[in-house]
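Asker: Below: sequence and its predicted model.
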Amino acid sequence: MDQLLEVKLGCLAGVLLITLLCGLIPSQIQWFQFNMARGKHRRILSCIGCFAAGVFLGACIMHMVADALGDIQEEIKKRQQQGSVVPKLNSTSNGDDDSETYPFGELVISLGFFLVFAIESLVLHCCPRAVHVHGDHEGQGDHKSLPESHSSFRAFVLFLSLSFHSVFEGLAIGVQKQETAVIQLCLAVLIHKAIVVFSLSLKLVQSGTQMRWRLLYLVVFALMSPAGISIGIGVSLSNSDGSGLAQALLEGLAAGTFLYVTFLEILPYELRSHESFLTKFFFIGLGFSIMAIIAIWA
């Protein structure tokens, strides 16, 4: 077997195992269930939740949106070089060759945002009970004072958009042509995935998602990057460029959905907690900073 292929298969197994392990920690350990927490325990969980919110904010801006914009712009440049018709709206008037094209990337991301907005509006219109309150489930004591929980629909959208992005992360590993590049990228993805899947699992617990669905989400999510690596290996072995434009567009839509959930669900939820502003700011900033540092290598 080719040594490069062996390295890629090793990365595939490593990403799968690490993702499952880190995802099962908050999902299976009762200590992470907010409705059972009191006093210092609750404050710690609130800080972890703010850290997770920062992770999602960083993943949204520094990874998903940045990757989607870069990939879409690259595909547009390819088609311009090939003579395809790409409208150069907003062109500069000074005659420079590097005139700006219409912001197609931002448009695709916005379409993903409005897609989730439209679907959620339809879901809430047809099923008003889709959004619930933690107190409705616990129904006792001071639990009724807890902030509104994440809707099951938004938890599903969060899982779906992250899973979509994970496929593309795996694809990037699978198409690499040098062992050092594979290992370097895989390490960055491993760190990224470990933090994100932990945060995802924590949000699924907070959303009140049933145990069997949490496990199903985590298993499917863990399989996404290995699936992407497998596809990338197949593409590299066949020497095919693949459908780059379709991939870029799908990644843009996924980034838009994640943008919606991050700013309209995750951050507002954590900012409504009872922790001090400085504490919330610190842990959200910490989570974002870690994802920003990972972006250096990813």
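Answerer: Received the coordinates, thanks.

Asker: got the contact list for stretch 219-237?
Answerer: When contacts are defined by Cβ atoms under 8 Å, 6 or more residues apart in numbering, stretch 219-237 is touched by residues 5, 8, 11-13, 15-16, 19-20, 23, 159, 162-164, 166-177, 189, 193, 197, 200, 241-242. C-beta: built from backbone N, CA, C; applies to glycine.

Asker: Now which of the residues you listed would you call buried?
Answerer: 8, 11-12, 15-16, 19, 23, 159, 162-164, 166-176, 189, 193, 197, 200 (16 or more other Cβ atoms under 10 Å).

Asker: What about the residues you listed, which are in helices?
Answerer: Using DSSP state H, the subset of the buried ones among the contacts of stretch 219-237 located in helices is 8, 11-12, 15-16, 19, 23, 159, 162-164, 166-174, 189, 193, 197, 200.

Asker: ok now do residue 11, which residues does it touch?
Answerer: Residue 11 sits in contact with 173, 182-183, 186, 229, where contact means Cβ under 8 Å, 6+ apart.

Asker: farthest pair in these?
Answerer: Largest separation among the contacts of residue 11 by Cβ to Cβ: 183 and 229, giving 13.0 Å.

Asker: neighbour-wise, which of these two wins?
Answerer: Using other Cβ atoms under 10 Å as the criterion, residue 183 and residue 229 rank with residue 229 on top: 29 against 16.

Asker: Just the pLDDT for the more buried one.
Answerer: pLDDT recorded at residue 229 is 89.

Asker: cool, and the one 10 residues further on?
Answerer: Residue 239 carries a pLDDT value of 56.

Asker: what's the answer for residue 152, then?
Answerer: In this model, residue 152 carries a pLDDT of 69.

Asker: Equivalent analysis for residue 244, please.
Answerer: 70.

Asker: And residue 21, by the same measure?
Answerer: 92.

Asker: before we move on, what about residue 14?
Answerer: 91.

Asker: how many other residues sit next to it?
Answerer: 16.

Asker: swap in the one 10 residues further on?
Answerer: Applying other Cβ under 10 Å, we find 18 other residues in the vicinity of residue 24.

Asker: Ok, residue 30 next?
Answerer: Applying other Cβ under 10 Å, we find 9 other residues in the vicinity of residue 30.

Asker: Tell me which residue lies nearest the centroid of this protein.
Answerer: With distances taken as Cα atoms, centre = their mean, the residue of the chain nearest its centroid is residue 162 (3.5 Å).

Asker: For stretch 245-257, list every residue counted as buried.
Answerer: Using 16+ other Cβ under 10 Å as the test for burial, stretch 245-257 gives 247-257.

Asker: possible to save those residues as a markdown table with distance to residue 234, pLDDT and secondary structure?
Answerer: What follows is the buried residues of stretch 245-257, written out as a markdown table (distance: Cβ to Cβ, whole Å; pLDDT from 0 to 100; DSSP: H, G, I helix; E, B strand; the rest coil):
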| residue | distance to residue 234 | pLDDT | secondary structure |
| --- | --- | --- | --- |
| 247 | 14 | 74 | helix |
| 248 | 19 | 80 | helix |
| 249 | 21 | 84 | helix |
| 250 | 18 | 79 | helix |
| 251 | 19 | 80 | helix |
| 252 | 23 | 85 | helix |
| 253 | 23 | 85 | helix |
| 254 | 21 | 82 | helix |
| 255 | 25 | 85 | helix |
| 256 | 28 | 87 | helix |
| 257 | 27 | 83 | helix |
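
Asker: could these go into CSV alongside distance to residue 79?
Answerer: Formatted as CSV, those follow (distance: Cβ to Cβ, whole Å):
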residue, distance to residue 79
247, 14
248, 11
249, 13
250, 17
251, 17
252, 16
253, 19
254, 21
255, 21
256, 22
257, 25
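
Asker: and of those, the nearest to residue 78?
Answerer: Proximity of the buried residues of stretch 245-257 to residue 78 (Cβ to Cβ) peaks at residue 248, which lies at 10.2 Å.

Asker: Not counting its neighbours along the chain, what's nearest the closest one?
Answerer: Setting aside the residues directly before and after it, residue 248 is nearest to residue 71 in space (Cβ to Cβ, 6 or more residues apart in numbering), at 3.9 Å.
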